[in-house]
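K.L.:
Just a sequence and a predicted model for now, questions to come.
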Amino acid sequence: MRGPVRALEKNARSFNDFVSPYAQTHAWLSGLDPYAPVVLRDLWPTPMRPQFVVKESADGTLPEKRGIPSPYLTTAFPVLLPIAELPWNIAIWVWDGMCVLAVFVIAWVLVHLAGVRTYSPLALMILISALLLAPVHTAIATSNIVTVAFALGLLATFCLTQNRSTMAGILLTLAIALKPTVAMPFLIYALVHRTRAKVIPPAIATGVLLFCVAIIPHHGRTLWASSFLANNQRMFAPGAINDFSTANPLHFQLVNLQVALFPIFQNRTLTQVTCALVFVTLLVFWLFAVRRDRHLGFLDLAILASASLLPVYHRFTDAGLLLIPVAWALSAMEGELRRFAAACLLLASPFLVPGVTMLHEFSGRYEILQRLSQSRFWDALILAHEAWLILVLCLVLLTVRCRLRHKHGEA
C-alpha cells in the first residue's frame with residue numbers, strides 16, 4: 001500500500017520521478033537537448049500533461065520549482081534505453097516492478113554480506129526491515145531511480161567480496177551512471193578494497209563504453225554540458241527545490257547535513273565548508289582504522305553508507321541506504337557489540353515513518369506546533385532530526401570500527 005499501490009495509482013502515473021528520465025532518454029535518442037524544459041514538455045509521455053509543465057517550461061522556472069528535467073548524467077540514458085523504448089503505460093509497470101524486485105535483491109545481498117544463513121530468523125528480520133523502511137516505500141511510490149541504483153551498487157560490492165572483479169566493475173559503473181550520489185559508498189569501498197586493481201579496469205572500460213554510446217545519437221557533438229550545468233545551478237539556487245536553506249519551503253525533504261547546519265550558521269558558505277570538514281574527518285578516521293590490511297567488512301560498508309548521506313544533496317528516498325547499517329546491527333545483536341547494535345537500531349527506527357513530512361503537516365494544524373515552527377530550533381533540530389540521526393549513527397559505527405581495530409591491534 002505504501003509503495004507499489006501508490007506508485008500505480010492513476011494520479012501517480014501522470015507525474016512521478018520516472019517521467020522525466022523516460023522523456024529525457026527519448027530526447028537524447030532523438031538528438032535533442034534532454035535538459036531543455038521545452039523539450040521535456042513536448043515529449044511528456046503521460047496521457048495527461050500537468051498544467052504546471054506547460055506554464056513553467058514556457059517561463060523557464062521548471063527546473064527550480066520542480067527539479068525537472070532531472071539532472072542525471074547523459075551516460076544514464078543508454079542504461080535506461082531498454083525501458084524507455086517501451087510505451088509509457090507498459091514502461092511504468094515494468095519500471096515499478098523492477099523497483100520492487102530491487103528491494104528483494106537488496107535484502108538478499110544484505111543477508112549474504114551479513115554472513116547470515118538464508119532461511120534463518122535473522123535473514124527474515126533483514127527482509128522485514130527492507131519492507132518496513134519508509135524511504136524505500138517513498139522511493140517505490142515515486143518510481144525513483146534510487147532503488148535500482150542502490151541494488152546495482154550493493155550487487156557490485158557482493159561480487160567484489162566473491163572475487164568477481166569484472167562483474168563488480170560493470171555493476172558499479174552502471175550504478176554510478178544512474179545516480180552517482182547513491183553509488184558513492186560503493187565506489188569508495190571498491191577503491192579502498194585490497195582487490196581494487198582488478199575492479200578499476202572493467203569499471204573504466206564500461207564507463208568509456210557508456211560514454212561512447214551516449215554521444216552516438218548526436219554524432220559526437222556536445223553532451224549538452226552547458227544546459228546540464230545551467231539546470232543544476234537553477235535547482236540549487238537559493239529558494240529552489242534542491243536548496244538546503246530555509247529559503248526553500250521544501251528543504252525539510254532533504255537529509256544531508258547542510259539542512260541541519262544552515263539554520264544554526266545562517267551562512268551558505270560556512271555551512272558547506274563545515275559539512276565538508278565533517279565528512280572528510282569521518283572518512284579520515286575510517287581510513288585510519290582500515291589502513292593496515294585493507295580487508296574491509298560489512299561494518300565498513302555500513303559506515304560509508306551512512307557517511308555518504310551527509311555531505312551532498314540527498315532526499316528522503318536516498319535514506320534507504322540506511323538498510324546497510326540496520327542489517328549490520330541486526331547481525332551484531334547477539335555478540336559483544338550488541339549495545340552498539342541496539343543503539344544503531346534505535347537511531348534508525350525513526351525512518352520507519354516519514355516523520356519530517358508528518359511534522360511539517362501537523363505544524364499547520366496545531367497552534368503550539370505552528371508557534372514552534374517559526375523558531376530556529378524547529379528548523380535546526382526538529383525538522384532536521386533525520387540528518388542528526390544519520391550523523392550520530394555514523395559516529396556510533398565508526399566507534400565500533402576503531403574499537404575493533406584497537407582490540408585486534410592488542411591481539
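P.N.:
Alright, I've got the coordinates. Numbers count the residues shown, from 1 in each chain.
K.L.:
Tell me which helix or strand in the chain has the weakest average pLDDT.
P.N.:
Taking mean pLDDT, DSSP states H and E as the measure, the helices and strands of the chain show their lowest mean at helix 10-14, namely a mean of 56.
K.L.:
Now do the helix or strand following it: everything it contacts.
P.N.:
Beyond helix 10-14 on the C-terminal side, the first helix or strand identified by DSSP states H and E is helix 19-29. With contact meaning CB atoms under 8 Å, 6 or more residues apart in numbering, helix 19-29 is reached by 33-36, 39-40, 43-46, 68-70, 72, 74, 76-77, 80-81, 83-84, 88, 91, 145, 214, 217. C-beta here means a position set from N, CA and C on the backbone, and glycine is covered the same way.
K.L.:
Show the average pLDDT along stretch 302-322.
P.N.:
Here the mean pLDDT over stretch 302-322 is 94, rounded to a whole number.
K.L.:
same question, stretch 393-403
P.N.:
Across stretch 393-403, pLDDT averages out at 91.
K.L.:
Send over it as CSV, restricted to the C-alpha atoms.
P.N.:
The C-alpha atoms that make up stretch 393-403 are tabulated as CSV, following Å, rounded to 0.1, in the frame of the first residue of the first chain:
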residue,chain,number,x,y,z
LEU,A,393,24.6,6.7,13.6
CYS,A,394,27.8,7.1,11.6
LEU,A,395,29.7,8.1,14.7
VAL,A,396,28.5,5.0,16.6
LEU,A,397,29.5,2.8,13.7
LEU,A,398,32.9,4.5,13.5
THR,A,399,33.4,4.0,17.2
VAL,A,400,32.8,0.3,16.8
ARG,A,401,35.3,0.1,13.9
CYS,A,402,38.0,1.9,15.9
ARG,A,403,37.2,-0.3,18.9
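K.L.:
what's the offset of that stretch from the middle of its chain?
P.N.:
Averaged C-alpha coordinates place stretch 393-403 at 22 Å from its chain's average position (CA atoms, centre = their mean, to the nearest Å).
K.L.:
got the contact list for Phe15?
P.N.:
Applying CB under 8 Å, 6+ apart, one finds that Phe15 lies in contact with 46, 50.
K.L.:
let's see 7 Å
P.N.:
The contact partners of Phe15, by CB atoms under 7 Å, 6 or more residues apart in numbering, come to Pro50.
K.L.:
List of residues touching stretch 92-112?
P.N.:
Applying CB under 7 Å, 6+ apart, the external contacts of stretch 92-112 come out as 4, 7-8, 13, 18, 83, 86, 118, 123, 126-127, 130, 136, 139-140, 143, 147-148, 150-151, 154-155, 158, 323-324, 327.
K.L.:
Buried ones among these?
P.N.:
Using 16 or more other CB atoms under 10 Å as the burial test, these include 4, 7-8, 13, 18, 83, 123, 126-127, 130, 136, 139-140, 143, 147-148, 150-151, 154-155, 158, 323-324, 327 as buried.
K.L.:
Can you point out the helix or strand that includes Ser129?
P.N.:
Secondary structure here is read from DSSP H and E; on that basis Ser129 sits in helix 121-132.
K.L.:
Which elements pack onto whichever helix or strand comes after that helix?
P.N.:
Towards the C-terminus, the helix or strand next in line after helix 121-132, according to DSSP H and E, is helix 134-141. In terms of contact count using 3 or more CB pairs under 7 Å, 6 or more residues apart in numbering; DSSP states H and E, helix 134-141 is assigned the packing partners helix 4-7, helix 88-113, helix 146-161.
K.L.:
Please tabulate these in JSON lines, including the columns distance to Met184.
P.N.:
Rendered in JSON lines, the data for those read as follows (distance: least, CB to CB, whole Å):
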{"stretch": "helix 4-7", "distance to Met184": "26"}
{"stretch": "helix 88-113", "distance to Met184": "16"}
{"stretch": "helix 146-161", "distance to Met184": "9"}
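K.L.:
what's the most buried one of those helices?
P.N.:
Each of the helices and strands packed on helix 134-141 was scored by mean neighbour count; the highest is helix 146-161, a mean of 25, by mean count of other CB atoms under 10 Å.
K.L.:
What are the contacting residues of the next helix or strand after that helix?
P.N.:
Sequence-wise, the next helix or strand beyond helix 146-161 is helix 165-178, with elements assigned using DSSP H and E. Contacts of helix 165-178 with the rest of the structure, by CB under 7 Å, 6+ apart, involve 73, 75-76, 79, 145, 148-149, 152-153, 155-156, 159-160, 183, 186-187, 190, 195, 198-203, 206-207, 210.
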